[in-house]
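1. Okay, here's the prediction I keep looking at, along with the sequence it came from:
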Amino acid sequence: MNIRTIALTVSAPRDTVFNFLADIENLPQWAGAWCERLALERGRWWALTAEGEQVVDMETSAGTGVIDLRTGPSPERLTPVPIRVVALSPRRTLVSFIVIASPEQTEEAFTLRHDRWLTAARGLLRRFSGGELHMAEPAAEYLALGLN
């Protein structure tokens, strides 16, 4: 199973960043590379994404900075994208995304998904007027073995 973490620090207060990311209606604004548009249909959020039409669900906790975004082709087949928002100082916030492959996803499709979330992270740097992207690349010895 493929799992990759994207982390960034942004130059904005934690509550500002959390409130923006935790509002599901803002998803196309900050994750436009993945989610083109969002609509509420029959009590569920549906997104037109680069991966096709998907159900989108979000559970948030302002106190802990946890945003559990779940997406998939149906309510029964959702894949999580856990997001964490942590204050590092009054004007500096850490945001992390854990990109997880869905069970049927190919390596190529997962790489595209990861790249779209990476584009979203870069967009957050622009939106919050600066910061830094922190990404760990898989160790060379693991890549040589096909383990990432």
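-> That came through, no problem.

2. Residue 58: what's it in contact with?
-> Counting by CB atoms under 8 Å, 6 or more residues apart in numbering, residue 58 makes contact with 22, 24, 45, 67-70. Bear in mind the C-beta positions are built from the backbone N, C-alpha and C, glycine included.

3. Nearest spatial neighbour of residue 114, chain-adjacent residues omitted?
-> Distances taken as CB to CB, 6 or more residues apart in numbering place residue 99 nearest to residue 114, at 4.9 Å, with adjacent residues excluded.

4. Could you list every helix and strand that the helix or strand containing that neighbour packs against?
-> Counting by DSSP states H and E, the element that carries residue 99 is strand 92-100. Contacts defined by 3 or more CB pairs under 8 Å, 6 or more residues apart in numbering; DSSP states H and E place strand 92-100 against strand 3-10, helix 14-22, strand 79-89, helix 107-127.

5. buried ones in it?
-> 92-97, 99-100 (16 or more other CB atoms under 10 Å).

6. and that strand, how far out from the chain's middle?
-> 7 Å (CA atoms, centre = their mean, to the nearest Å).

7. That strand - which strands sit beside it in the sheet, and in what orientation?
-> Sheet partners assigned to strand 92-100 using DSSP bridges are listed as strand 3-10 (antiparallel), strand 79-89 (antiparallel).

8. can you pull the buried residues of the last one?
-> Of the residues in strand 79-89, those scored as buried under the neighbour-count criterion (16+ other CB under 10 Å) are 79-81, 83-86.

9. Let's test this: mean pLDDT of that strand, rounded?
-> What strand 79-89 shows for mean pLDDT is 96.

10. Fine by me, we can end here.
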